[in-house]
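S.K.: below is the sequence, then the predicted model.
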Amino acid sequence: MACATARWRGTANPLQDGDHVPLASQRSLRPPESSGIQARAVAGKVRMSQPVRTPQQPPAAQGVLSLARTAIPYVTLATLGLSVGFRGVAWPSIRATFSLPLDAVGAWLITATAGSILSSFSAGYVASLIGVGPLLAISTCGVALGLLAYSLTPTWWLMVLTGLLSGLGSGAAHVGLNAHFAAHLGARALNWLHACFGLGATLGPLMMTSILGAGLSWRWGYGAAGVWMMVLAAAFALTLNRWSGSTEAARVDPAHQSGARSTLETLQLPVVWLSLLVFLAYTGVESTAGQWSYSLFTDARSVPEAVAGVWMTLYWGGLAGSRLLLGPLADRVGITSLLRVCMLGVTLGAGLLWWHTTDLLSFVGLALMGFAQGPIFPSLVSVTPQRVSIGHVDNVIGFQVAAASLGAAALSSAAGVLASWLTLEVVAPFMVAWAAAMVVFHELTLRRAQRTSPNRRTD
């Protein structure tokens, strides 16, 4: 009884934190004043009323609520992907709006990345203080405000500065979601989660192409995404206790009492630095392909805009689809084997894009890149708990997201600078070089992990 009372006092609504409480336990958790006999004066007499029963939600309603709560992280990452998918197609129109040179996108990416790196790097520590739930509610609100600001800003430099807010929110949101899934759900669910990012990135070019084709401004896309993200921020605020990471799980697990490790302690692990290089190279290639392939096709190779938009959609669509199709294979063939095949596929796809004997071959190369890239990020995150102790996991995931943000912005910006100095055709060999570097960094990470953790399998 004492346990039930303590549980009641600690949680305003036992079902709100994601626990599945049996019906009998729910009744025992009701406050004492909600049951018993009540006296009521009616026409000068006192009559006894029936016991007051707390209304129960029908099973169908409970099922709908459970499904909605489960869908929140998937829809959130899809919306983040949507905004990323906007960028490549919207950039020529943004350039025209503000009369910008080709490589001006670098300033925008740098500020957004600075915010993302700052929040990602510290998100593991912040989550250990306030919890993953509050972190997700605050970060998604920041993303929403940043997207809405994009749709309203009157000047380019204000838009660049607004990228800082959007980046802060995006980085922390990625860390919170990845930490929760890595701690509780594993590689398959992580691949499904990131498939939703790919789905959003797939719909982004289509949505932005439709908006521009209808004669509307690119601002409409960012405004709509901002409104929807604000709805998701409210959803996280209403389900705070449902979300937790490895550090929070360790606090209630008698087998893990070490607690969260400091940032400096985590950064002293060599395997962490090697894994960060893998993330930097991977997202650099992914972002460069997403940012510059459309311009490469339309400006340098005279491909019609509609055709280029379709192949950009296939690029992002392949990324999402492969996470759904190939992610579950990790349990059968092993994560290491899956990662090796996918990384080689990315390198081959970039090579086909560079070769360019025909437009079709380039399109196939881009589609292959998207399909092969799909499982890489979530699979790399999923093996983090196997390579470091539980007290380091949330910190490492934060560092990985920070490195990914740095790679996405730095390498994509570098490709833009090279394209402005030379020609857009330089983008393809640039991606080949970094895809090959990703393969090398991954192999070095595996060797270091085997050396420091000889009793742990890399698969």
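M.R.: Sure thing, it's come through.
S.K.: from now on I want contacts and neighbour counts done on CA atoms only, so please keep to that.
M.R.: Noted.
S.K.: and Ser210, helix, strand or coil?
M.R.: helix (DSSP: H, G, I helix; E, B strand; the rest coil).
S.K.: give me the distance between it and Val227.
M.R.: In this view, Ser210 and Val227 are 19 Å apart by CA to CA, to the nearest Å.
S.K.: which SSE is Ser420 in?
M.R.: helix 390-421 (DSSP states H and E).
S.K.: so for the very next helix or strand once past that helix, what's the average pLDDT?
M.R.: The helix or strand immediately downstream of helix 390-421 is helix 427-452, counting by DSSP H and E. Across helix 427-452, pLDDT averages out at 88.
S.K.: mind giving me the packing neighbours of helix 427-452?
M.R.: Based on contacts counted as 3 or more CA pairs under 8 Å, 6 or more residues apart in numbering; DSSP states H and E, the elements that helix 427-452 packs against are helix 270-295, helix 335-355, helix 390-421.
S.K.: looking at those, which is nearest to Ser122?
M.R.: Comparison of the helices and strands packed on helix 427-452 against Ser122 by CA to CA identifies helix 390-421 as nearest, at 7.0 Å.
S.K.: buried stuff in that closest one?
M.R.: Across helix 390-421, burial judged by 16 or more other CA atoms under 10 Å covers 390-419.
S.K.: looks like Leu277 contacts Ser405 (just checking).
M.R.: No: between Leu277 and Ser405 there is no contact, the gap being 11.7 Å when judged by CA atoms under 8 Å.
S.K.: any regions of the stretch 151-300 of the chain where pLDDT drops low?
M.R.: 186, 245-263 (pLDDT under 70).
S.K.: report all helices and strands that the helix or strand harbouring Phe236 contacts.
M.R.: For Phe236, the host element (DSSP H and E) is helix 219-238. Helix 219-238 sits against helix 59-98, helix 132-152, helix 186-213, with contacts defined as 3+ CA pairs under 8 Å, 6+ apart.
S.K.: so which of those helices gets nearest Phe371?
M.R.: Of all the helices and strands packed on helix 219-238, helix 186-213 comes closest under CA to CA, at 10.2 Å.
S.K.: mind checking how far that closest one is from the chain centre?
M.R.: Between the centre of helix 186-213 and the centre of its chain there are 11 Å (CA atoms, centre = their mean, to the nearest Å).
S.K.: next up, the contacts around the nearest residue to Thr445 once chain neighbours are set aside.
M.R.: Nearest non-adjacent residue to Thr445, counting by CA to CA, 6 or more residues apart in numbering: Leu274, 5.4 Å away. Counting by CA atoms under 8 Å, 6 or more residues apart in numbering, Leu274 touches Phe441, His442, Leu444, Thr445.
S.K.: ChimeraX command to pick out the buried ones of those residues?
M.R.: Burial among the contacts of Leu274 is assessed by 16+ other CA under 10 Å; the matching ChimeraX selection reads:
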select :441,442,445
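S.K.: closest one of the contacts of Leu274 to Ile130?
M.R.: Closest to Ile130, out of all of these and judged by CA to CA, is Thr445, at 31.8 Å.
S.K.: so who does the closest one touch?
M.R.: Val271, Leu274, Ser275.
S.K.: check the gap between it and Pro270 for me.
M.R.: Following CA to CA, the distance that separates Thr445 from Pro270 is 9 Å.
S.K.: which stretches of the stretch 1-150 of the chain have low pLDDT?
M.R.: Within the stretch 1-150 of the chain, the stretches with pLDDT under 70 are 1-68.
S.K.: could you look up the SS state of Gly215?
M.R.: coil.
S.K.: count of neighbours near it?
M.R.: Neighbours of Gly215 under the rule other CA atoms under 10 Å: 8.
S.K.: residue contacts, it?
M.R.: Taking CA under 8 Å, 6+ apart, we find Gly215 in contact with no residue.
S.K.: now do the SS call for His174.
M.R.: helix.
S.K.: ok, the nearest residue to Thr202 once chain neighbours are set aside - contacts?
M.R.: Counting by CA to CA, 6+ apart, Trp316 is the residue found nearest to Thr202 once chain neighbours are left out, at 4.5 Å. Listed by CA under 8 Å, 6+ apart, the contact partners of Trp316 are Gly85, Gly198, Leu199, Ala201, Thr202, Gly290, Gly370.
S.K.: mind checking which of the helices and strands packed on helix 219-238 is nearest Ser244?
M.R.: Per CA to CA, nearest to Ser244 of the helices and strands packed on helix 219-238: helix 132-152, 5.0 Å.
S.K.: which strands and helices sit next to that closest one?
M.R.: Going by 3+ CA pairs under 8 Å, 6+ apart, helix 132-152 lies up against helix 105-130, helix 156-184, helix 219-238.
S.K.: pLDDT score for Val381?
M.R.: In this model, Val381 carries a pLDDT of 82.
S.K.: any idea which helix or strand comes after the helix or strand harbouring it?
M.R.: For Val381, the host element (DSSP H and E) is helix 376-382. Once helix 376-382 ends, the next helix or strand along the chain (criterion: DSSP H and E) is helix 384-387.
S.K.: relative to the whole chain's centre, how far out is that next one?
M.R.: On CA atoms, centre = their mean, the centre of helix 384-387 falls 19 Å from the chain's centre.
S.K.: got the buried residues for that helix?
M.R.: For helix 384-387, by 16+ other CA under 10 Å, it's Thr384, Pro385, Arg387.
S.K.: next one: stretch 121-133
M.R.: Using 16+ other CA under 10 Å as the test for burial, stretch 121-133 gives Phe121, Ser122, Ala123, Gly124, Tyr125, Val126, Ala127, Ser128, Gly131, Val132, Gly133.
S.K.: could I get those residues as JSON lines with distance to Arg69?
M.R.: JSON lines is the format used below for the buried residues of stretch 121-133 (distance: CA to CA, whole Å):
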{"residue": "Phe121", "distance to Arg69": "27"}
{"residue": "Ser122", "distance to Arg69": "26"}
{"residue": "Ala123", "distance to Arg69": "23"}
{"residue": "Gly124", "distance to Arg69": "23"}
{"residue": "Tyr125", "distance to Arg69": "25"}
{"residue": "Val126", "distance to Arg69": "23"}
{"residue": "Ala127", "distance to Arg69": "20"}
{"residue": "Ser128", "distance to Arg69": "22"}
{"residue": "Gly131", "distance to Arg69": "18"}
{"residue": "Val132", "distance to Arg69": "15"}
{"residue": "Gly133", "distance to Arg69": "12"}
